[in-house]
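In: coords please:
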Amino acid sequence: MPIRPLAAALAILLSGAAQAAPSFVNGLALDGAMLDLSGGSDANNGRVGFFSDIYYDSQRNEWWGLSDRGPGGGTLDYATRVQRFTLDIDAATGAIGNFQIAETVIFKSAETVIFKSAGAPLNGIAPSPASNIGLAFDPEGLVINPKTGTFLVSDEYGPSVREFSRSGELLRTYTTPDNLVPRDAAGTPNFASDAGNSAGKRTNRGFEGLAISPDGKYAFAMLQSAMLDEGGGNGSINRIVKFDTATGQAVGQYAYSMKRSGQGQGISALVAINDHEFYVLERNNRGVGVGATLATADKEVYRIDLSGATDVSAIDLDAPGAAYTPVSKSARVLDLDANTLASLGNKSPEKWEGLAIGPHLANGDYLLLAGTDNDYSVTQNGTGEQFDVYFRFTDADPYLSAIQCPLGQTTGCTGADTTVPGDGSYRLLPGVLHAYTLSAAELGDYVAPIPEPGSFALIGLGLAGLAGLRRRRQ
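Out: Sure, this is the predicted structure:
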């Protein structure tokens, strides 16, 4: 749907001002075979899978990385999880190093009341029956509520927002607005696939981004791209839903205009700057990745402002004559393709999905961390047989020359080259982290998460203990 002229003018209010770009510091390529601390030993129960989202908990000085539904593409009973990780950060430069997994938290259903048994893990299997979400969970966005310390996680199947305790127990599920629920022509929910659906979110295009206001009162969940009844794969307008965290109810919806449709264009992260401004990571499906086309990678971060945007909860964004004001959107703030790593053959990864504003550095600048989802470096055929995918990143197109090996093996492989992965020239797709710095002025009106009053004293003691360190462990 073409945006009305007035709305278009308002939508680019921010784009007239120059947007200072964060400065690239360095990057890490993390071993694609890295295991978490769950005790699992292979791709299906222990491989990290890396960063569908990243969150920095400034109150506890902790980093968290979210993995998605697992390596089976919705076919495996993969216990979904989140990882707490540590980094060495140079307080003078912002350079990062020494990534380590410190804790693995499995998401699980609530403890049963009668038997007091631990809840079953929420898993990556697509909903079955299709009309019932059940334990199906495809986590994509992560925040920590500064008021409660609980995890909020957005999911693509519902789409849903779920709240978990620090130990991973499900506390509640927010109420998804009815217009976002995927439905067939008869109005019956179908969460498993787009087959027969005519309205609501698209399959694998649910709540991809999640942010929280600094005071913890509101959560903002963002669809990856346009809904079925608002353009579908050809649409370029998607929705941000504002939730009241006290009630779990939606209190507003806002329209966001993407750069384009096509090439799998969608958003992958939403980060709060204050209670009305956000960073949005928008990307296509090109770059180095499992099954991806290399050419024309396009991964960009924009700044948006909800102030003045129309609440479109009751508006069909694709209806003829529909008039509304979308969120205002800046010119590009950060080009994630502009800086590459030699260990990836100086090529851009396909799936930049995690983005987080980190701690203050010694000079008052902020650290900005971006991360990739590596799809566990696994693919599967039509019968569900899984294969590790090994890349030689010095090749012109690493995926075209990739080798596929039976899961967990380095023999019996197939591909364009007879070389086996064991010779060191081929590697699983790594997870990638990039560190950037930006000044307080460049960040502009940033408000860090605000803790409950009783926690200020403890936080002050913790920060005092960090003062004066040139290098610090995050």
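In: Would you mind listing the buried residues in stretch 226-241?
Out: Of the residues in stretch 226-241, 226-232, 235-241 count as buried by neighbour count, 16 or more other Cβ atoms under 10 Å. The C-beta positions use only the backbone N, C-alpha and C, and glycine is treated the same way.
In: Among those residues, find me the one that's closest to Lys217.
Out: Closest approach to Lys217 among the buried residues of stretch 226-241 (Cβ to Cβ): Val241, at 14.8 Å.
In: Do you know the pLDDT at the residue lying closest to Ala255 once chain neighbours are set aside?
Out: Nearest residue to Ala255, sequence neighbours excluded (Cβ to Cβ, 6 or more residues apart in numbering): Pro326, at 4.1 Å. Confidence at Pro326, expressed as pLDDT, is 98.
In: just checking, Pro326 touches Ser257?
Out: Yes. At 5.2 Å, Pro326 and Ser257 qualify as touching, with contact defined as Cβ atoms under 8 Å.
In: out of those two, which sits in the busier spot?
Out: Pro326 (24 against 18; other Cβ atoms under 10 Å).
In: and the more buried one, what are its phi and psi?
Out: phi -70, psi 170 (degrees, to the nearest 10).
In: any idea how far it is from Thr188?
Out: Using Cβ to Cβ, to the nearest Å, one gets 31 Å for the distance from Pro326 to Thr188.
In: In the helix or strand hosting Leu87, which residues are buried?
Out: Under the criterion of DSSP states H and E, Leu87 resides in strand 81-90. Of all the residues in strand 81-90, those buried under the rule 16+ other Cβ under 10 Å are 81-87, 89-90.
In: same deal with stretch 246-255?
Out: Those would be 248, 250, 252-255, for stretch 246-255 by 16+ other Cβ under 10 Å.
In: Please give the centre-to-centre distance between it and its chain.
Out: For stretch 246-255, the separation from the chain centroid amounts to 20 Å (computed by Cα atoms, centre = their mean, to the nearest Å).
In: C-alpha coordinates for it, PDB please?
Out: Presented in PDB, the C-alpha positions along stretch 246-255 are these (Å, rounded to 0.1, in the frame of the first residue of the first chain):
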ATOM      1  CA  ALA A 246       1.800  -5.200  34.000                       C
ATOM      2  CA  THR A 247      -1.200  -6.700  32.200                       C
ATOM      3  CA  GLY A 248       0.400  -8.500  29.200                       C
ATOM      4  CA  GLN A 249      -2.100  -6.700  27.000                       C
ATOM      5  CA  ALA A 250      -1.400  -4.900  23.800                       C
ATOM      6  CA  VAL A 251      -2.000  -1.100  24.100                       C
ATOM      7  CA  GLY A 252      -0.900   0.000  20.600                       C
ATOM      8  CA  GLN A 253       0.300  -1.000  17.100                       C
ATOM      9  CA  TYR A 254       2.500   1.100  14.800                       C
ATOM     10  CA  ALA A 255       3.400   0.800  11.100                       C
END
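In: quick one: low-confidence parts of the protein?
Out: Along the chain, segments meeting pLDDT under 70 span 1-19, 111-118, 418, 422, 453-474.
In: Where do the helices of it begin and end?
Out: 5-11, 440-443, 456-466 (DSSP state H).
In: what's the second one packed up against?
Out: Spelled out, it's helix 440-443. Helices and strands touching helix 440-443, by 3 or more Cβ pairs under 8 Å, 6 or more residues apart in numbering; DSSP states H and E: there are none.
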